[in-house]
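A.B. asks: Got a sequence here, can you build the structure:
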Amino acid sequence: MLLTFAARSGKGTPQPAKIVGMDALLTGHDPNGWMLLFPLALFVYYATVWLAVGQDPKPGTFVPQYGPPDAISPAAVRYLVTTGSDGRSFAAVLAQLSPRIRLR
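C.D. replies: Numbering: from 1, shown residues only. Okay, here's the model as predicted:
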């Protein structure tokens, strides 16, 4: 596909038509052709990594866990879920400490 146009600029000799579009890119007349290199390089990178690592594994059976893990306290789980501390986190700490020490 060749897309060309010509414009006259008053009296004198006419200016040659400019090459635009894919023809300009392929012939090296496009000054912005370098902008296609980044998406192309990104595509090559992602394709290479995908081929090296592979596709996502097929998911297996999902078993929900209704309680916190043994190594994490209920207060720590509350902090991770809410990403902050509040009154319920403090209550979870008190509930966890109550069997260990005598609260007044």
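A.B. asks: From here on, just use CA atoms for contacts and neighbour counts.
C.D. replies: Fine.
A.B. asks: which one's the longest helix in this structure?
C.D. replies: As far as residue count goes, and with DSSP state H defining each element, the longest helix of the chain is helix 37-53.
A.B. asks: Could you check how far the most centrally placed residue in the chain is from Val53?
C.D. replies: The centre of the chain sits closest to Tyr46, judged by C-alpha atoms, centre = their mean, with a distance of 12.1 Å. Distance, Tyr46 to Val53, by C-alpha to C-alpha, to the nearest Å: 10 Å.
A.B. asks: Now do Gln96: how many residues are near it, please.
C.D. replies: Using other C-alpha atoms under 10 Å, Gln96 has 14 other residues around it.
A.B. asks: domain assignment for this protein?
C.D. replies: Using automatic domain parsing, the domain ranges for the chain come out as 3-53, 68-104.
A.B. asks: low pLDDT regions in this structure?
C.D. replies: For the chain, the stretches flagged by pLDDT under 70 are 1-2, 6-10, 13-26, 28-33, 68, 102-104.
A.B. asks: how about a cut-off of 80?
C.D. replies: Residue ranges of the chain with pLDDT under 80: 1-37, 55-59, 62, 65-69, 73-75, 78, 96, 98-104.
A.B. asks: Tell me where it has strands.
C.D. replies: Per DSSP state E, the chain carries strands over the ranges 3-5, 18-20.
A.B. asks: Mind jotting down where the helices sit in this protein?
C.D. replies: 22-27, 37-53, 74-82, 87-97.
A.B. asks: Pick the most deeply packed of the ones you listed.
C.D. replies: Looking across the helices of the chain with neighbours counted as mean count of other C-alpha atoms under 10 Å, the highest average goes to helix 74-82: a mean of 15.
A.B. asks: In terms of secondary structure, what does it contact?
C.D. replies: Of the remaining helices and strands, those touching helix 74-82 by 3 or more C-alpha pairs under 8 Å, 6 or more residues apart in numbering; DSSP states H and E are helix 87-97.
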